[in-house]
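1. turn this into a structure:
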Amino acid sequence: MNFKIAFTILLTISAGGILAAAGSDWLNQVPPREQQKTNPFHDQPQAIQAGRLLFKDHCAQCHGDNAQGMNKRPSLRSGRLQSASQGSLHWLLVNGSVRRGMPSWSKLPDQQLWQLVAYLKSLKVEE
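-> Reported below is the predicted structural model:
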């Protein structure tokens, strides 16, 4: 087999694997370094309140006023989301998940992103 053909086949298979992974669970895409980040505003009432206001401005239209999910958008009160690390949630806010309709909020200042994480982590899990 010609080297160029073999290389092209290998590249195609690898790209297919990467695209398949991109469509899978976003938690699997978070780099370890990002997973380990901690929120400088964790459990701070003022940060949680600021995050709630940011949520209403940026997130409630898709996830509902109480973060319960709506219009095929997931609840942010799920055990799966609540068990995600603070750094993983921050990473999702920065990067979004375009294939699933989640925009990137990377234009927000980092402080506001962490306030959103503080709010999300303050939510009670739905049963």
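
2. ok, now which ones touch residue 47?
-> 41, 114, 115, 118, 119 (C-beta atoms under 8 Å, 6 or more residues apart in numbering). For every residue, glycine as well, the C-beta is placed using N, CA and C.

3. I figured residue 120 hits residue 48, correct?
-> No: counting by C-beta atoms under 8 Å, residue 120 sits too far from residue 48 to count as a contact (9.4 Å).

4. the residue nearest to the spatial centre of the chain and residue 74, how far apart?
-> The centre of the chain sits closest to residue 92, judged by C-alpha atoms, centre = their mean, with a distance of 2.4 Å. Applying C-beta to C-beta, to the nearest Å, the value for residue 92 to residue 74 is 11 Å.

5. from residue 45, how far off is the residue nearest to residue 100 when sequence neighbours are not counted?
-> In space, and not counting its chain neighbours, residue 100 is closest to residue 26: 7.7 Å by C-beta to C-beta, 6 or more residues apart in numbering. According to C-beta to C-beta, residue 26 stands 29 Å off from residue 45.

6. show me which of the two is the more surrounded one.
-> residue 26 (18 against 10; other C-beta atoms under 10 Å).

7. what residue ranges in the protein score low on pLDDT?
-> Regions of the chain meeting the criterion pLDDT under 70 cover residues 1-24, 127.

8. got the residue ranges for the helices in it?
-> 3-22, 32-35, 45-58, 60-63, 79-83, 86-95, 110-122 (DSSP state H).

9. any chance of the ones you listed in CSV, with distance to residue 69 too?
-> Below are those laid out as CSV (distance: least, C-beta to C-beta, whole Å):
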stretch, distance to residue 69
helix 3-22, 22
helix 32-35, 24
helix 45-58, 13
helix 60-63, 6
helix 79-83, 10
helix 86-95, 15
helix 110-122, 13
